[in-house]
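> got a structure for you, letters missing:
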Ligand code: C5P
Ligand code: C5P
Ligand code: C5P
Ligand code: ZN
């Protein structure tokens, strides 16, 4: 049996990586602590389990020399890196040369300047790592190759659902839908009966939020009299000729019939038009949704976007075990614990956004920045920065650079841009990498979103360097 897999451009690399893994039979799996990293690990570990591997899984906040040395100390002959590894290829390759371990990498970050034989990354074949394939997508391509080369009955196409959660969690959707190599994965998931694709309201929380909350918390599009306005949302809904309550409780979006959804959506669009929301913004109210059809309705797991936020609420708070448990079929009641973590995460995101709104950002010529110190956890400051971009006082025409205290010696940096800025030449991966190294730190990522760690006390020098590099890029 030999096919090209879901991403033909990566077939050769996937086969080579799968064969190398099958040769060893025993691996250490190392992955990143966000939604994409967790789903990458879930996809890879399921594939390894099905292929009869002995393996162990570890999660890391950031891969650096110290962490790679810790991985080497596990004394596995083979280490599979998912959702990171490419950016630290120089360090990993040095361990490979020293005979510490054989690396196999399935990642989508900008590779460092070094080579290794078993490296699966969309950027190496001219595909975009920020919008066409995520870490979980790369892990999925590998899982498909493992099934094919390992002579087993499962084809691993059911894992496409988790791969889509990873891509959505990394915000890879372009104009509301997954494109490029991600499309091939969606198609395999639909074919395997684990995914359904639909066009629906694109607001966050359709599965789990009572209707007024769905609209009140809509930050994606600001609708005057509804967004951020509890009484306004209730008034809007009560003014419609549909019974949106059941036994006195507000229903959720997924409880509504198609006709009811149509009525509410049309009324929302009409309301937005009347309040002067620009047509371009109104169009983004509707988008492609990815439903995990084997998961229970009305839970976060049913919707790729809510699923990914649930996962971010675990591993970014040192509970990767809970997130992985959720991905692996709700092992040990993981879902309950994840939901508790989620309410904490939501509160932190909203307090983080409130902090940025209250304190404001400092405008340099080519970027804007804020230093949250201890006010925002370093593991979520990037999410807050991304959500803040384009809101009141935060310009959408400059990248945003967010700093938070990591420990006494180090400051974490997260940078976020927009598609328009990237088309004008912005590459935040290079900005974070070069600016951080100029002050003795390190960083990398994607053109549209990247991060770094810098020594405490060098923040201003770092921001100045970053400002100069953005100036050069966007001319
Ligand atoms: O480490 P990793 O690749 O998983 O993280 C990607 C990050 O880039 C996420 O935090 C995601 O929100 C961000 N991103 C973004 N806008 C995009 C694509 C990615 O903010 N268009
Ligand atoms: O790391 P990244 O920037 O991708 O994270 C953004 C996260 O914020 C996503 O998981 C997204 O689901 C979440 N989000 C949210 N509420 C919103 C908008 C986004 O929780 N209104
Ligand atoms: O941490 P944050 O969400 O800002 O990360 C944005 C992107 O930059 C992610 O893809 C992350 O893996 C990458 N990053 C990196 N090196 C760092 C920090 C972040 O490659 N030191
Ligand atoms: Zn990723």
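Perfect, I can see it now. These numbers were taken from a predicted model, which means no experiment stands behind them. Ligands and ions are numbered 1, 2, ... in the order given.

> ligand 2 contacts on the stretch 101-250 of the chain?
Neighbours of ligand 2 within the stretch 101-250 of the chain, by CB under 6 Å from any ligand atom: 169-171, 204, 217, 219. The way it works is simple: take the backbone N, C-alpha and C, and place the C-beta from them, glycine included.

> now with 8 Å?
Within reach of ligand 2 by CB under 8 Å from any ligand atom, the stretch 101-250 of the chain has these residues: 168-171, 203-205, 217-220.

> what are the phi and psi values for the closest residue to ligand 1 within the chain?
Taking CB to the nearest ligand atom, ligand 1 has its nearest neighbour within the chain at residue 449, 3.0 Å off. When read as degrees, to the nearest 10, the backbone of residue 449 gives phi -150, psi 130.

> for this structure, what lies in contact range of ligand 3?
32, 34, 62-64, 83-84, 87, 109-110, 170, 379, 381-383, 385, 402, 412-416, 428-429, 432, 436, 441-446, 449-453.

> restricted to strands, list those.
32, 402, 412-416, 442-445, 449-453 (DSSP state E).

> can I have the buried ones of the residues you listed as a ChimeraX selection?
Remark: buried members of these, expressed as a ChimeraX selection using 16 or more other CB atoms under 10 Å:
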select :32,402,412,413,414,415,416,442,443,444,445,449,450,451,452,453
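
> near ligand 2, which of the ones in strands among the residues of the chain next to ligand 3 show up?
Among these, proximity to ligand 2 is found for 416, 449 (CB under 8 Å from any ligand atom).

> and which of the ones in strands among the residues of the chain next to ligand 3 is nearest residue 319?
The shortest approach to residue 319 among these belongs to residue 32, at 14.5 Å (CB to CB).

> any idea what that closest one is bridged to?
residue 60 (DSSP bridges).

> list the contacts of it.
Applying CB atoms under 8 Å, 6 or more residues apart in numbering to residue 32 gives the contacts 40, 59-61, 63, 82-84, 135.

> same check on residue 167?
Residues near residue 167 by CB under 8 Å, 6+ apart: 36, 133-134, 136-137, 173, 178, 182, 185.

> need these in TSV (columns: secondary structure).
Output for those, formatted as TSV (DSSP: H, G, I helix; E, B strand; the rest coil):
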residue	secondary structure
36	helix
133	coil
134	coil
136	helix
137	helix
173	coil
178	coil
182	helix
185	helix
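
> quick one: which of those is most hemmed in?
Each of these was scored for neighbours by other CB atoms under 10 Å, and residue 136 scores highest at 40 neighbours.

> ok, that one touching residue 46?
No. Residue 136 lies out of contact with residue 46 (CB atoms under 8 Å); the separation is 11.6 Å.

> sorry, back to before: the residue of the chain closest to ligand 1 contacts residue 427, doesn't it?
No. Counting by CB under 8 Å, residue 449 stays clear of residue 427, with 11.0 Å between them.

> tell me which of the contacts of residue 32 is nearest to ligand 3?
Closest approach to ligand 3 among the contacts of residue 32 (CB to the nearest ligand atom): residue 84, at 6.1 Å.

> per-residue pLDDT, the closest one?
With respect to pLDDT, residue 84 has a value of 98.

> which residues are in contact with it?
Residues near residue 84 by CB under 8 Å, 6+ apart: 30-32, 37, 60, 63, 107, 109, 135.

> if we use 6 Å, what do you get?
32, 63, 107 (CB atoms under 6 Å, 6 or more residues apart in numbering).

> residues near the last one, how many?
Residues contacting residue 107 under the criterion other CB under 10 Å number 31.

> can we start the residue count at 678 from this point?
Shifting the count to begin at 678 puts that one at residue 784.

> now do it against residue 773, distance only.
Separation of residue 784 from residue 773 (CB to CB, to the nearest Å) stands at 15 Å.

> now the first one
Distance check for residue 709 against residue 773: by CB to CB, it reads 20 Å.

> what of residue 1110?
22 Å.

> before we move on, back to that, what score does the residue of the chain closest to ligand 1 have for pLDDT?
94.

> that one against residue 1093, yeah?
Yes. Counting by CB atoms under 6 Å, residue 1093 is a contact partner of residue 1126 at 5.2 Å.

> residues touching the residue of the chain closest to ligand 1, list them.
Per CB under 6 Å, 6+ apart, neighbours of residue 1126: residue 1093.

> worst-scoring helix or strand of this protein, pLDDT-wise?
Least confident helix or strand of the chain, by mean pLDDT, DSSP states H and E, is helix 956-960 with a mean of 88.

> residue of the stretch 678-827 of the chain nearest ligand 3, please.
Nearest residue of the stretch 678-827 of the chain to ligand 3: residue 764, at 4.5 Å (CB to the nearest ligand atom).

> what residues are up against the nearest residue to that residue once chain neighbours are set aside?
Once flanking residues are discounted, residue 764 sits nearest to residue 1121: 4.1 Å by CB to CB, 6 or more residues apart in numbering. Counting by CB under 6 Å, 6+ apart, residue 1121 makes contact with 764, 787, 1106, 1110.

> against ligand 4, how distant is residue 993?
Between residue 993 and ligand 4 the computed distance is 13 Å (CB to the ion, to the nearest Å).

> sorry, wrong one. I was asking about residue 746.
On the measure of CB to the ion, residue 746 and ligand 4 end up 23 Å apart.

> pretty sure that residue is in a helix, no?
Yes. Counting by three-state DSSP, residue 746 is found in a helix.

> relative to residue 923, how far out is the nearest residue to residue 718 once chain neighbours are set aside?
Once flanking residues are discounted, residue 718 sits nearest to residue 708: 3.9 Å by CB to CB, 6+ apart. Remark: distance between residue 708 and residue 923 (CB to CB) = 41 Å.

> again, but for residue 943
Residue 943 is 22 Å from residue 923, by CB to CB.

> can you give me the helices for the stretch 678-827 of the chain?
Ranges of helices within the stretch 678-827 of the chain are 688-701, 712-727, 742-750, 766-774, 812-826, based on DSSP state H, counting those that start in this stretch.

> please apply the same query to the stretch 978-1127 of the chain.
For the stretch 978-1127 of the chain, the helices defined by DSSP H, counting those that start in this stretch occupy 981-992, 997-1004, 1011-1036, 1058-1065, 1096-1100, 1105-1115.

> any chance of a markdown table for the contacts of residue 761, columns pLDDT and distance to residue 747?
Shown next, in a markdown table, are these (pLDDT from 0 to 100; distance: CB to CB, whole Å):
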| residue | pLDDT | distance to residue 747 |
| --- | --- | --- |
| 709 | 97 | 15 |
| 740 | 94 | 10 |
| 784 | 98 | 19 |
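
> how about the residue in the stretch 928-1077 of the chain positioned nearest to ligand 4, what does it touch?
Distances between the stretch 928-1077 of the chain and ligand 4 by CB to the ion are smallest at residue 985, namely 10.8 Å. Contact analysis of residue 985 by CB under 6 Å, 6+ apart lists 712, 842, 845-846.

> any idea what the residue nearest to residue 764 is bridged to?
Following DSSP bridges, residue 1121 is listed with bridge partners residue 1128.
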